[in-house]
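[1] following is a predicted model, sequence given first.
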Amino acid sequence: MPRPLWAGAISFGLVTIPVKIVSATVDHDVHFHRVHLEDMGRVRTRKVCELDGEVLSQEEIGKGYEIAKDQTVTVTDEELEQMPLPTAKAIEIATFVDAETVDPVRISDSYYLAADGQVAVKPYTLLRKALERSSKVAVAKLAWHGRERLGLLRIRQGAIVLHSMKWPVEVRNPQELAPRAVEVGEEEIEQALQLAERMTIEDLSGFHDEYREALEDIIA
């Protein structure tokens, strides 16, 4: 199993399900180091104060919020830890909705939820079967990387998947980007539909990253 990114529990009514979050995807990108071309030494990023030019250690760096020009207030880790987060270490299911009502634009990264220990197997299976037998998905709240997030739970090949989601206010209104109205004939629409039909395939398993393969050839 991949290294867990988070450990806690799903809160489902009176049922508590201990789970671990693991990434649902694998990074196959080719990653480069920045190097000095003359001697191939690594080029490192240094954290420098713009006022005195000093190179700072991590212990000397904190969080600041600019409330006005040339006026910044600090926010400490202790203050953030004391904030009330009811979803800390919990994926709290708030409601269920029909799967087709979820706007795909709001879906972000995907993770698998693994049952954490033998005690979690039965309630995990209970939630999985409840989702499998309905056309609904669960909407939940959870604390993730220092903030409260919205999540979507659904089933994929027997496992519960957690999709992190954007809050409604984080999604731009697409109407301002829509092109001006133009007349489109029925014949043109029919031709477009025929083209889409000819290009339709059963699954996406045949797709692969041709750019990455070419990049690996260059490195080789």
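    Great, that's in hand.
[2] only C-alpha atoms from now on, for both contacts and neighbour counts.
    OK.
[3] so what touches stretch 17-31?
    2-11, 110-117, 119-120, 123-124, 212, 215-216 (Cα atoms under 8 Å, 6 or more residues apart in numbering).
[4] CA atoms of the lowest-mean-pLDDT helix or strand in the chain as PDB?
    None of the helices or strands of the chain scores lower by mean pLDDT, DSSP states H and E than helix 77-81, at a mean of 83. Taking C-alpha atoms only, helix 77-81 is exported to PDB below (Å, rounded to 0.1, in the frame of the first residue of the first chain):
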ATOM      1  CA  ASP A  77       1.100  28.200  14.200                       C
ATOM      2  CA  GLU A  78      -0.100  28.100  17.800                       C
ATOM      3  CA  GLU A  79      -3.000  30.500  16.900                       C
ATOM      4  CA  LEU A  80      -3.900  28.300  13.900                       C
ATOM      5  CA  GLU A  81      -3.900  25.200  16.000                       C
END
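[5] so which residues make contact with that helix?
    Outside helix 77-81, the residues that reach it (Cα under 8 Å, 6+ apart) are residue 146.
[6] which among the contacts of stretch 17-31 end up buried?
    For these, a neighbour count by 16 or more other Cα atoms under 10 Å gives the buried set as 8-11, 110-116, 120, 123-124.
[7] for the residues you listed, which one is nearest residue 189?
    residue 110 (35.1 Å; Cα to Cα).
[8] re earlier: any chance of the buried ones among the contacts of stretch 17-31 in TSV with distance to residue 100, pLDDT and secondary structure as columns?
    Listed next are the buried ones among the contacts of stretch 17-31 as TSV, based on distance: Cα to Cα, whole Å; pLDDT from 0 to 100; DSSP: H, G, I helix; E, B strand; the rest coil:
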residue	distance to residue 100	pLDDT	secondary structure
8	28	89	strand
9	26	91	strand
10	23	92	strand
11	24	88	strand
110	18	94	strand
111	20	95	strand
112	21	96	strand
113	22	95	strand
114	25	94	strand
115	27	93	strand
116	30	92	coil
120	29	92	helix
123	26	93	helix
124	24	94	helix
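[9] quick check: the residue nearest the centre of the chain vs residue 166, distance?
    Ranked by distance to the mean C-alpha position of the chain (Cα atoms, centre = their mean), the top residue is residue 109 at 2.2 Å. From residue 109 across to residue 166, the span is 10 Å (Cα to Cα, to the nearest Å).
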